[in-house]
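K.L.:
With the input below, show me the fold.
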Amino acid sequence: MFVGMWAGNPAMTIILRATVLMIMAWIIGCAVGGLAQRTAEEHIEQHKLDHPIPSDFGDDESHRDAELLGGNNNEEEIIVPATRPDTPLT
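P.N.:
Numbers count the residues shown, from 1 in each chain. This is a model prediction of the structure:
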């Protein structure tokens with residue numbers, strides 16, 4: 001702003017140019033930020049696929065959080081927490 005005033009430009013011209021450039025910088029910043037966010041998310045997803053977290057229960061169906069006991073529709077079903085195969089019941 002001081003350079004514009006030193007060059008003899010009117011205040012309205014200085015403010016208008018500064019506003020236009022600020023809006024253009026905002027648009028470019030949003031575009032670059034969006035691309036950076038998308039790239040980071042793609043890298044994270046690829047890393048998750050390349051380095052999966054091993055399951056505590058293996059690859060079989062014993063990794064469920066709970067199992068349903070009973071099966072008779074007339075009786076209330078009991079939900080008990082699933083246990084690890086190598087953990088003794090207490």
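K.L.:
report the longest helix in this protein, please.
P.N.:
Longest helix of the chain, by residue count under DSSP state H: helix 11-50.
K.L.:
Arg17 and Ala25: what is the separation?
P.N.:
12 Å (CB to CB, to the nearest Å). For glycine as for every other residue, the C-beta is placed from the backbone atoms N, C-alpha and C.
K.L.:
Looking at the two, which one has more neighbours?
P.N.:
Neighbours per residue, other CB atoms under 10 Å: of Arg17 and Ala25, the larger number sits with Arg17, 13 against 10.
K.L.:
phi, psi of Pro52?
P.N.:
Per-residue torsions, Pro52: phi -70, psi 150 (degrees, to the nearest 10).
K.L.:
Equivalent analysis for Ala7, please.
P.N.:
The phi/psi pair for Ala7 (degrees, to the nearest 10) is phi -80, psi -10.
K.L.:
What about it, how many residues nearby?
P.N.:
9.
K.L.:
what's the answer for Ile28, then?
P.N.:
10.
K.L.:
Equivalent analysis for Ile14, please.
P.N.:
Neighbour count for Ile14, taken as other CB under 10 Å: 16.
K.L.:
Distance of it relative to Ile28?
P.N.:
For Ile14 relative to Ile28 (CB to CB), the value is 21 Å.
K.L.:
Pull out the buried positions in stretch 36-56.
P.N.:
The neighbour-count check on stretch 36-56 (16 or more other CB atoms under 10 Å) flags nothing as buried.
K.L.:
Restrict it to CA atoms and write it as PDB.
P.N.:
The C-alpha coordinates for stretch 36-56 follow below in PDB (Å, rounded to 0.1, in the frame of the first residue of the first chain):
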ATOM      1  CA  ALA A  36      -2.500 -31.700  -0.800                       C
ATOM      2  CA  GLN A  37      -5.300 -33.100   1.300                       C
ATOM      3  CA  ARG A  38      -6.300 -35.600  -1.400                       C
ATOM      4  CA  THR A  39      -2.700 -36.700  -1.900                       C
ATOM      5  CA  ALA A  40      -2.200 -37.200   1.800                       C
ATOM      6  CA  GLU A  41      -5.500 -39.300   2.100                       C
ATOM      7  CA  GLU A  42      -4.400 -41.400  -0.900                       C
ATOM      8  CA  HIS A  43      -1.000 -42.100   0.700                       C
ATOM      9  CA  ILE A  44      -2.600 -43.000   4.000                       C
ATOM     10  CA  GLU A  45      -5.000 -45.400   2.300                       C
ATOM     11  CA  GLN A  46      -2.200 -47.000   0.400                       C
ATOM     12  CA  HIS A  47      -0.200 -47.400   3.500                       C
ATOM     13  CA  LYS A  48      -3.100 -49.000   5.300                       C
ATOM     14  CA  LEU A  49      -3.400 -51.500   2.400                       C
ATOM     15  CA  ASP A  50       0.400 -52.200   2.300                       C
ATOM     16  CA  HIS A  51       0.700 -52.500   6.100                       C
ATOM     17  CA  PRO A  52      -2.500 -54.000   7.600                       C
ATOM     18  CA  ILE A  53      -2.900 -54.300  11.300                       C
ATOM     19  CA  PRO A  54      -2.800 -58.000  12.200                       C
ATOM     20  CA  SER A  55      -5.900 -59.300  13.800                       C
ATOM     21  CA  ASP A  56      -5.700 -60.400  17.500                       C
END
